[in-house]
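Asks: What follows is a protein structure lacking sequence information:
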């Protein structure tokens, strides 16, 4: 009789308490947050969403209405964000769920180690999926943006190539003798000059006319000729 009573007490201890309030599924809350964030990130390109795990000791009454979700602060396209989840049912509650957004993109990378001051050839470059948020935001998306440019520092194989790591080739060096060219009304005038600064294609530099000693400004063209504005006095 005593043994039977002990068994009954054990069974009663394992059974859920009568009338205990149902608990909201934490995994369902995490899914709701992921769906909410994914809907907003769909237009931001390749974004990886990481939803923070809720404390398993959390006990929230089961919500009898659809959960509301919102960003309490301005929505960001990458990095850590917070999502507020709110139950507006008979037993209301709210909590904040941390989320991390990581952006990826097809970017230009090096196919082999590249030394500082090297002109990048098409074979030195390839496209690869890389993380592009935060400190990694300096990147190029097109191979033609990097090919023909000069590296400002050494790059390891597989390194992401950014605009700040490149510069245009120096077609003109300070002290070089260059041709100054100016045209107007179908008449083109060319004289010799001395470059007073380094310059790449499309860059503006100062040049001293070797005949008149006049200093003028012009734009370096692809042939290394410094083109002065129409009608300028050389």
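Replies: Nice, I can see it. This one's a predicted model, so the numbers in the text were calculated from it and none came from an experiment.
Asks: going forward, measure contacts between C-alpha atoms and count neighbours the same way
Replies: Will do.
Asks: buried set for the lengthiest helix in the chain?
Replies: Secondary structure of the chain read by DSSP state H shows that its longest helix is helix 26-41. For helix 26-41, burial by neighbour count (16 or more other Cα atoms under 10 Å) applies to 26, 29-30, 32-34, 36-38, 41.
Asks: and the least confident of the residues you listed?
Replies: Taking pLDDT as the measure, those have their low point at residue 41 (79).
Asks: In this structure that one contacts residue 76, no?
Replies: No. Using Cα atoms under 8 Å, residue 41 is not in contact with residue 76, being 9.4 Å away.
Asks: pLDDT on the longest strand along the chain, on average?
Replies: Identified as the longest strand of the chain according to DSSP state E is strand 93-110. Across strand 93-110, pLDDT averages out at 94.
Asks: list the helices and strands that strand packs on?
Replies: strand 46-51, strand 79-87, strand 125-131 (3 or more Cα pairs under 8 Å, 6 or more residues apart in numbering; DSSP states H and E).
Asks: circling back: distance to residue 97 for the buried residues of helix 26-41 - can I get that in CSV?
Replies: Below are those laid out as CSV (distance: Cα to Cα, whole Å):
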residue, distance to residue 97
26, 11
29, 9
30, 8
32, 11
33, 8
34, 10
36, 12
37, 11
38, 14
41, 17
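Asks: in this structure, which spans are strands?
Replies: 46-51, 68-70, 79-87, 93-110, 125-131, 150-151, 166-167, 177-184, 187-195, 204-209, 215-220, 226-227.
Asks: Deepest-packed of those, please.
Replies: Scoring the strands of the chain by mean neighbour count under mean count of other Cα atoms under 10 Å gives strand 226-227 as the most buried, with a mean of 26.
Asks: Packing partners of that one?
Replies: By 3+ Cα pairs under 8 Å, 6+ apart, strand 226-227 packs against strand 177-184, strand 215-220.
Asks: among the ones you listed, which gets the worst mean confidence?
Replies: strand 177-184 (a mean of 86).
Asks: Quick one: residues in contact with that strand.
Replies: 172, 188-195, 207, 209, 218, 224-232, 234 (Cα atoms under 8 Å, 6 or more residues apart in numbering).
Asks: can you rerun that using 10 Å?
Replies: 172, 188-196, 207-210, 216-220, 223-234 (Cα atoms under 10 Å, 6 or more residues apart in numbering).
Asks: and what of stretch 22-30?
Replies: Here stretch 22-30 has contacts from 32-36, 51-64, 67, 69, 85, 97, 99, using Cα under 10 Å, 6+ apart.
Asks: please redo it, this time with the cut-off set to 8 Å
Replies: So stretch 22-30 is contacted by 51, 53-54, 56, 59-63, 85 (Cα under 8 Å, 6+ apart).
Asks: how long is stretch 128-141 end to end?
Replies: Start-to-end span of stretch 128-141 (Cα to Cα, to the nearest Å) is 10 Å.
Asks: Leaving out chain neighbours, which residue sits closest to residue 225?
Replies: residue 179 (5.3 Å; Cα to Cα, 6 or more residues apart in numbering).
Asks: rewinding a little: could you check the angle strand 46-51 makes with the longest helix of the chain?
Replies: 150 degrees (axes from the mean of the first three to the mean of the last three Cα atoms, to 10 degrees).
Asks: all numbers from here: first residue = 285
Replies: Sure, I'll start counting at 285 from here, so that last one is helix 310-325.
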